[in-house]
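Visitor: compute the structure for the input listed below.
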Amino acid sequence: CNYSGADHEAALVTLEKQLICPICLELFNKPVVILPCQHNLCRKCANELYQVCDTTHTHTWGHVDGRFRCPSCRQEVVLDRHGVYGLQRNLLVENIIDAYKQECCMPRPKGFLIPRCSAHEGEKVNIFCVTCQVPTCSLCKVFGAHRSCQVAPLTDVYQQQKDELSEGVGSLVAVNDRIQAFVGELEETCRSIEVWSQQLILKSLASVIKKKTTLKCFQISSEQEEKSGRAQAWLRCYGDSVEANDKLMERAVSSMEEPDMAAFVQVSMSQWVHETICPTLKLVFVERCAFESALKSIDFVKGKQKKEEELTKIIFYLKHCVCWCVSKD
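Guide: Numbering: from 1, shown residues only. Predicted structure coming up:
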């Protein structure tokens, strides 16, 4: 049996109440007979009840002509010619009585002590003083300190307090379940807040990146327009220089085709070549190198003062070269 000491004692007391004969007020003695109303009696007690009658047939249990009333429910029981021996035995109750007696005779578990009254030696504590809120014995109620107090059976108080404790545990379980559900909701809320925060951060970063990208695109477009304009200016300058050089080459070729030697010498070709063609070619070569250097160093984000000065010089030299060549024409 897995009962604790108090549980075991209470169970035995409850079982004993169910096994008490309503006539002799003791445990059923075998054989036990069952009445038609399903109540039980010792056969001996049932026979005594059947046999007892006076001349006026006014016995307490009302026996008249093979009839008597059940002492528990007052239902009339009709007997046949066999009397109480014609009633069926209740073997189940007899077996339960045997098991109960065996259980009562078993040695108590080690450490199990039946509480005894401190005021009356040997008396078992079997009632509970409701007024003083302490368990006590029956003698204390009759002769002792609790004779004027309100008392209740210890088993009833035990069962009541056990039920109250069980209800309290059930309430705690219900409260704990609600708390757990609330904790789950809070955890879900925390996860939702975290996801919402991450999404907000991503949106903010995307907005910042978009603004920065728009600004940089605008800056790059501005730089592109500025640098492209300067490159177009250089292109026009070089185009003018090429056109001037073409005219210069035509004059040189025309001079070389002059059949009159005197006229050719008079032009002083050697001096013309060194002063017109060579300086022009040298200037174009120098300015071309400077142009390539400046073109490679173009910065679309932030221009440098030194490069601006070099590009200005290139444009100046190209214009000077073109003007110089045109003036020769």
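Visitor: list the contacts for Cys132?
Guide: By C-beta atoms under 8 Å, 6 or more residues apart in numbering, Cys132 lies in contact with 146, 149. Where you see a C-beta, it was placed from the backbone N, CA and C, and this is true even at glycine.
Visitor: where does it sit: helix, strand or coil?
Guide: Under DSSP: H, G, I helix; E, B strand; the rest coil, the three-state class of Cys132 is coil.
Visitor: ditto for the one 3 residues further on
Guide: Using three-state DSSP as the criterion, the local structure at Pro135 reads strand.
Visitor: isn't it right up against Ala152?
Guide: No. Pro135 is beyond contact range of Ala152, at 10.3 Å (criterion: C-beta atoms under 8 Å).
Visitor: in the stretch 51-200 of the chain, which spans are helices?
Guide: 91-105, 138-142, 154-256 (DSSP state H, counting those that start in this stretch).
Visitor: could those helices go into CSV alongside mean neighbour count?
Guide: Converted to CSV, those look like this (neighbours: other C-beta atoms under 10 Å):
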stretch, mean neighbour count
helix 91-105, 13
helix 138-142, 17
helix 154-256, 12
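Visitor: mean pLDDT for those: which is lowest?
Guide: With a mean of 75, helix 138-142 has the lowest mean pLDDT of the helices of the stretch 51-200 of the chain.
Visitor: helices or strands up against it?
Guide: When contacts are defined as 3 or more C-beta pairs under 8 Å, 6 or more residues apart in numbering; DSSP states H and E, helix 138-142 packs onto strand 127-129.
Visitor: partner strands of the strand it packs on, with direction?
Guide: Taking DSSP bridges as the criterion, strand 127-129 forms sheet pairs with strand 134-136 (antiparallel), strand 151-153 (antiparallel).
Visitor: can you redo these as TSV with mean neighbour count?
Guide: Below are the strands paired with strand 127-129 laid out as TSV (neighbours: other C-beta under 10 Å):
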stretch	mean neighbour count
strand 134-136	18
strand 151-153	15
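Visitor: the ones you listed: which one's closest to Ile20?
Guide: The closest approach between Ile20 and any of those, judged by C-beta to C-beta, belongs to strand 151-153 at 14.5 Å.
Visitor: show me what the closest one is in contact with.
Guide: Residues contacting strand 151-153 (C-beta under 8 Å, 6+ apart): 126-131, 136, 141.
Visitor: buried subset of these as a PyMOL selection?
Guide: The buried residues among the contacts of strand 151-153 can be selected in PyMOL (16 or more other C-beta atoms under 10 Å) with this line:
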select buried, resi 126+127+128+129+136+141
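Visitor: picking that back up, mind checking which of the strands paired with strand 127-129 is nearest Met256?
Guide: Comparing the strands paired with strand 127-129 by C-beta to C-beta, strand 134-136 comes nearest, at 145.3 Å.
Visitor: where's the dip in pLDDT among the contacts of strand 151-153?
Guide: Out of the contacts of strand 151-153, that is Lys141, at 73.
Visitor: do I have it right that that residue meets Ser148?
Guide: No. Shown here, Lys141 and Ser148 do not form a contact pair, counting by C-beta under 8 Å, at 9.4 Å.
Visitor: so how far is Lys17 from Arg74?
Guide: Here Arg74 is placed at a distance of 20 Å from Lys17 (C-beta to C-beta, to the nearest Å).
Visitor: which helices and strands sit right next to the helix or strand hosting Tyr50?
Guide: For Tyr50, the host element (DSSP states H and E) is helix 43-51. Where contact means 3+ C-beta pairs under 8 Å, 6+ apart, helix 43-51 is packed against strand 32-34.
Visitor: average model confidence for the strand it packs on?
Guide: Here the average pLDDT along strand 32-34 is 86.
Visitor: okay, buried residues for that strand please.
Guide: By neighbour count on 16+ other C-beta under 10 Å, the buried set for strand 32-34 is 32-34.
Visitor: check the offset of it from the chain's centre.
Guide: 63 Å (C-alpha atoms, centre = their mean, to the nearest Å).
Visitor: can you check stretch 233-242 too?
Guide: Distance of stretch 233-242 from the chain centroid (C-alpha atoms, centre = their mean) equals 75 Å.
Visitor: alpha carbons only: can I get it in PDB?
Guide: Provided in PDB are the C-alpha atoms of stretch 233-242 (Å, rounded to 0.1, in the frame of the first residue of the first chain):
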ATOM      1  CA  ALA A 233      36.900  72.000 -75.400                       C
ATOM      2  CA  TRP A 234      40.100  70.100 -75.700                       C
ATOM      3  CA  LEU A 235      38.700  68.200 -78.600                       C
ATOM      4  CA  ARG A 236      37.800  71.400 -80.400                       C
ATOM      5  CA  CYS A 237      41.300  72.800 -79.700                       C
ATOM      6  CA  TYR A 238      43.000  69.700 -81.100                       C
ATOM      7  CA  GLY A 239      40.600  69.700 -84.000                       C
ATOM      8  CA  ASP A 240      41.600  73.300 -84.800                       C
ATOM      9  CA  SER A 241      45.300  72.300 -84.500                       C
ATOM     10  CA  VAL A 242      44.800  69.400 -86.900                       C
END
